[in-house]
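> Here's a sequence, model it:
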Amino acid sequence: MPGFPGLKEGDRWCLCAGRWKEAYVNGKAPKVDLRASHEKSLQVVDLEILKQFSVEDIDEIDREMESVVRDRQALEKLAGEESDDF
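Next up is the predicted model:
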């Protein structure tokens, strides 16, 4: 996009989910670094759409996400058990 002196192909920058979605709707969505994206982005843009624009290997991302979900569930279970002790 014009107006960003020094910006060249391959550069990375932060873009809020709302602006990314606006670009997507207008057919101009940039690639996405899913590992660097906050999970709250999913409140604005569906994960399956973001995956289509991912710079990473989607199968690897899916495996990592499954691991994160399992870890989060284990932590939530542990936190629930600890609250029962009080």
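> and the worst-scoring helix or strand of the chain on mean pLDDT, how far from the chain's centre?
Using mean pLDDT, DSSP states H and E, the weakest-scoring helix or strand in the chain turns out to be helix 58-84, at a mean of 85. Once both centres are worked out by CA atoms, centre = their mean, to the nearest Å, helix 58-84 turns out to sit 17 Å from its chain's centre.
> Same question for stretch 10-19.
11 Å.
> ditto for stretch 33-48
Its chain's C-alpha centre and that of stretch 33-48 lie 3 Å apart, by CA atoms, centre = their mean.
> for it, which positions count as buried?
For stretch 33-48, the neighbour count (16 or more other CB atoms under 10 Å) marks 34, 37, 41, 45, 47 as buried. Where you see a C-beta, it was placed from the backbone N, CA and C, and this is true even at glycine.
> check contacts around the fourth one.
Contacts for residue 45 (CB atoms under 8 Å, 6 or more residues apart in numbering) come out as 17, 20-21, 24.
> Go through those residues and say which is closest to residue 74.
Ranked by distance to residue 74 (CB to CB), those are led by residue 17 at 27.9 Å.
> how about the buried residues of stretch 33-48 in JSON lines, adding pLDDT, distance to residue 28 and secondary structure?
Shown next, in JSON lines, are those (pLDDT from 0 to 100; distance: CB to CB, whole Å; DSSP: H, G, I helix; E, B strand; the rest coil):
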{"residue": "34", "pLDDT": "89", "distance to residue 28": "19", "secondary structure": "helix"}
{"residue": "37", "pLDDT": "91", "distance to residue 28": "18", "secondary structure": "coil"}
{"residue": "41", "pLDDT": "95", "distance to residue 28": "17", "secondary structure": "helix"}
{"residue": "45", "pLDDT": "96", "distance to residue 28": "14", "secondary structure": "coil"}
{"residue": "47", "pLDDT": "91", "distance to residue 28": "20", "secondary structure": "helix"}
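> Before I go, just wanted to say thanks for your time.
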